[in-house]
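J.: Quick check, what structure comes out for this input:
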Amino acid sequence: MDPDLTGCPGMAPAPGALFTTATIRGIERAWLARLPDGTLMDRAARACADAAERIAWQLPRGTPLIALAGPGNNGGDALLAALKLRESGFTCHAWSGAAPPAGGEAHAVRERWLASGSGFLRSDELLRYARDGAIFIDGLFGIGLGRALDGDYALLARSLNESGCIALGVDVPSGIDADTGAVVGGSAGVALRCVATVTMIADKPGLHTGAAPEYVGQLRVADLGTDEFPPPDGLLVGERWVAERLRTRAASSHKGSFGTVCVIGGARGMGGAALLAGRGASAAGAGKVYVAGPDGPVFDPGQPQLMTRDSEEALADVSAVAIGCGLGSSHAASVLLGRAIASPAALLLDADALNIVASQGTPAASFARLAARAPDTTILTPHPLEAARLLGIGSAEIAADRIGCARELARRSACVVVLKGAGSVIAEPGGNWAVNASGSPALASAGTGDVLAGVAAALLAQGYGAHEAALLAVWLHGRAGERWSASHRRHCGMSAAQLPGLICEEINDCREQDAR
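T.: Numbering: from 1, shown residues only. So this is what the prediction gives:
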């Protein structure tokens, strides 16, 4: 189900601002000190009730709504939402775990529920409602969850997921870490899959990266009337941000205005990777694009604008270098990588270039050479396994804290880091970070990362700094995948060779939008 929550009252997010749990807690404490008791819970319940009502309008008349009331304030939000929905004429029930709230506002709401003559469903009754298509308001656990769901809660979440139930998350789907996007408990944990989530006060990074996109559904932010926020902890890169930063082209432009990219890769048997990067660079507007390989020229007869270069002259008079796509691990590849790092050109390291760095015993020496380069001129684009190799940890540790790991890799390497995957994370050496809001499962095919490398290199060649180039490239790449999925009404079957044309369309559409 894809619910339509547009027009829900009180759902006005601050575009692009992401706040960690610690910051949200501080905002919440400040507002609780200023407002009468129960005000924020009442507003949160109203936001949940409005969203649940929107979902109910899209289902058969009389569909029941069921509050899943956990032991914290999220349970109070869900129960109070059910009370409000009942006042509006909806049939509402509730389920509560073995640990009811010990006190506070959630306890008061529970007493109101019991005083209304209502009790709590048994688990078997709950599952029968799930199979019959009821709507569930997930107030089991919120942003404070510190350990994996267990006992009745884990069993319930698994059973509801298996039933394909319609669930609305309150603040965050139960079992998802609001800061990291990981399922709490890792592979042994469980989270409740929701068709929509209403998150309170402000947006949170863990709703956009890692495992979270599988569980959040359509997201809306309910600010609860709060109007004083500290600086955000991170950025969610969206269409508005991109449209405001893509530069227009002057009428007097020529190819020299937009820089020269050299893609270095395409060892024997892997030429396609380098050529896809070259196509990506061309589509993203580089003035000239060369392709050089460690085993000789790499030529694309279908794209004659991609020129070839001998590896000895690959770095001559270029604005930006993308190295690693199909580069291989030969001695010649390592030599080319060392020369690229030493060159003054802006630089992107991908794939095999990252593997060479990671395979050199300890990457510290390579990191030192990267750190010696001019600031904001170098991008690393690892997928999770490559990031794990570079950091000397396991891939499970990357999945558990994608933002933290991207920031650590950026700090060690003194480079801008793009940790690829659902909700790609972009981190700067100084600690700033962002999460990309675009993407599609259609991008899960060989070669799409090579195209991304070329796009980012083209933006570097056009004079964007490494941080801005990475943010723009990642969003455009993800949006191109979305465009393909929307036009084909599926997420499987896109070829990486189709991406450059889609990215070119996105760039031009964004520029037109900004001009308007």
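J.: Tell me where the model's unsure across the stretch 51-200 of the chain.
T.: Where the stretch 51-200 of the chain drops to pLDDT under 70, the residues are 101-102.
J.: As a check, name the ranges of all helices in it.
T.: 73-87, 104-115, 123-131, 151-163 (DSSP state H, counting those that start in this stretch).
J.: how about these in a markdown table, adding mean neighbour count and distance to L443?
T.: Heads up, the C-betas are built off the backbone N, CA and C, glycines and all. A markdown table is the format used below for those (neighbours: other Cβ atoms under 10 Å; distance: least, Cβ to Cβ, whole Å):
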| stretch | mean neighbour count | distance to L443 |
| --- | --- | --- |
| helix 73-87 | 26 | 33 |
| helix 104-115 | 17 | 41 |
| helix 123-131 | 16 | 32 |
| helix 151-163 | 17 | 25 |
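J.: want to try JSON lines for these, with distance to P375 as columns?
T.: Listed next are the helices of the stretch 51-200 of the chain as JSON lines, based on distance: least, Cβ to Cβ, whole Å:
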{"stretch": "helix 73-87", "distance to P375": "43"}
{"stretch": "helix 104-115", "distance to P375": "49"}
{"stretch": "helix 123-131", "distance to P375": "54"}
{"stretch": "helix 151-163", "distance to P375": "46"}
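J.: and of those helices, who's closest to I403?
T.: Evaluated over these, closeness to I403 peaks at helix 73-87, with 23.0 Å, by Cβ to Cβ.
J.: that's a helix at G501, yeah?
T.: Yes: if the criterion is DSSP: H, G, I helix; E, B strand; the rest coil, then G501 is within a helix.
J.: Contacts only, for it.
T.: By Cβ atoms under 8 Å, 6 or more residues apart in numbering, the residues touching G501 are A283.
J.: State the pLDDT value of it.
T.: Looking at G501, its pLDDT reads 96.
J.: How much space separates it from S159?
T.: Distance, G501 to S159, using Cβ to Cβ, to the nearest Å: 45 Å.
J.: out of the helices of the stretch 51-200 of the chain, which comes closest to R43?
T.: So among the helices of the stretch 51-200 of the chain, helix 73-87 is nearest, using Cβ to Cβ, at 9.5 Å.
J.: and for the closest one, what are the contacting residues?
T.: Taking Cβ under 8 Å, 6+ apart as the rule, helix 73-87 contacts 41-42, 44-46, 48-49, 52-53, 65-70, 92-94, 96, 101, 104-110, 112-113, 116, 137-142, 170-171, 174, 200.
J.: would you put the C-alpha positions of it in PDB?
T.: Presented in PDB, the C-alpha positions along helix 73-87 are these (Å, rounded to 0.1, in the frame of the first residue of the first chain):
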ATOM      1  CA  ASN A  73       5.600   7.800  25.500                       C
ATOM      2  CA  ASN A  74       5.200   6.400  22.100                       C
ATOM      3  CA  GLY A  75       2.600   4.000  23.600                       C
ATOM      4  CA  GLY A  76       0.800   7.000  25.000                       C
ATOM      5  CA  ASP A  77       0.900   8.800  21.600                       C
ATOM      6  CA  ALA A  78      -0.700   5.700  20.000                       C
ATOM      7  CA  LEU A  79      -3.300   5.200  22.600                       C
ATOM      8  CA  LEU A  80      -4.300   8.900  22.700                       C
ATOM      9  CA  ALA A  81      -4.500   8.800  18.900                       C
ATOM     10  CA  ALA A  82      -6.900   5.900  19.100                       C
ATOM     11  CA  LEU A  83      -9.000   7.800  21.600                       C
ATOM     12  CA  LYS A  84      -9.200  10.800  19.200                       C
ATOM     13  CA  LEU A  85     -10.000   8.500  16.300                       C
ATOM     14  CA  ARG A  86     -12.800   6.900  18.300                       C
ATOM     15  CA  GLU A  87     -14.300  10.300  18.900                       C
END
